[in-house]
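Undergrad: Attaching a predicted model along with its sequence, questions to come.
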Amino acid sequence: RVLVAGGDGTVNWVLNCIADLRAAPGLADWEPAVGVLPVGTGNDLSRVLGWGSGYDGGKIRPYLTAMREAVPAMIDRWNVVMQPLDGSAPLTTAAMNYFGIGIDAAVALKFHLKRTENPEKFKSRFLNKGHYVTAGMASLVEQPCKDFSTTVEIYGDGRAVPAAELQGVVLANISSYGAGADMWGPEREGV
């Protein structure tokens, strides 16, 4: 078993590393269970897997005990292939929780660039969420994806998906998004 101390991005990175290692001779059947010590900003995967919304310090033994006793749950990961419209080589990436293009990706990139330039300002989950809000508000004003529907073609299962007047699309694999927002709302009987 592997315990990942990080957020969604760190977990995805570790799973990519495990997938790469499985390509090595003798490791094709190596598929360790992965637990999460949620020290990232949003921790959406950790929330849906029952590891919590955030680790704030304290004893680590309860996480280690829970991981040892946990029943592994399978999660879907998929490859996303992006074909630039200019005919250049396609880009492929692995996705796990959700994959956003357009405004969602613009906000995430703005956050990433700010964190890379000034890592000393990103020292707590609370402050990081504030930086995300600031990046989101700036993107609402700047509208970096206002031409999204005219510059992007989206295909699902080989069919074109209309993108009229959209500024982005998020493909979701889990119910938690953006640090705990439940995109589908509470479960209701008969729905």
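TA: Happy to help now that I have it.
Undergrad: Is Ala105 within a helix or a strand, and which one?
TA: When elements are assigned from DSSP states H and E, Ala105 belongs to helix 103-117.
Undergrad: could you point out the longest helix in this protein?
TA: Ranked by residue count and defined by DSSP state H, the top helix of the chain is helix 125-142.
Undergrad: Which strands and helices lie in contact with that one?
TA: Counting contacts by 3 or more C-beta pairs under 8 Å, 6 or more residues apart in numbering; DSSP states H and E, helix 125-142 is packed against helix 103-117. (Each C-beta comes from the backbone N, C-alpha and C, glycine too.)
Undergrad: report the angle between the axes of the helix holding Ala105 and helix 125-142?
TA: Interaxial angle, helix 103-117 versus helix 125-142 (axes from the mean of the first three to the mean of the last three C-alpha atoms, to 10 degrees): 130 degrees.
Undergrad: What are the buried residues along helix 103-117?
TA: Neighbour counts over helix 103-117 (16 or more other C-beta atoms under 10 Å) mark Ile103, Asp104, Ala105, Ala106, Val107, Ala108, Lys110, Phe111, Lys114 as buried.
Undergrad: which ones are touching the first one?
TA: Contacts were defined as C-beta atoms under 8 Å, 6 or more residues apart in numbering; by that measure Ile103 touches Ser139, Pro144, Cys145, Phe148, Gln167, Gly168.
Undergrad: What separation do you get for it and Glu31?
TA: 36 Å (C-beta to C-beta, to the nearest Å).
Undergrad: can you list contacts of the strand or helix carrying Ala66?
TA: Using DSSP H and E, Ala66 sits in helix 61-69. Contacts of helix 61-69 with the rest of the structure, by C-beta under 8 Å, 6+ apart, involve Arg1, Leu3, Ala33, Gly35, Leu37, Trp51, Tyr55.
Undergrad: so how many other residues sit close to Ser124?
TA: Neighbour count for Ser124, taken as other C-beta atoms under 10 Å: 11.
Undergrad: ok, it to His131 distance?
TA: Taking C-beta to C-beta as the measure, Ser124 falls 10 Å from His131.
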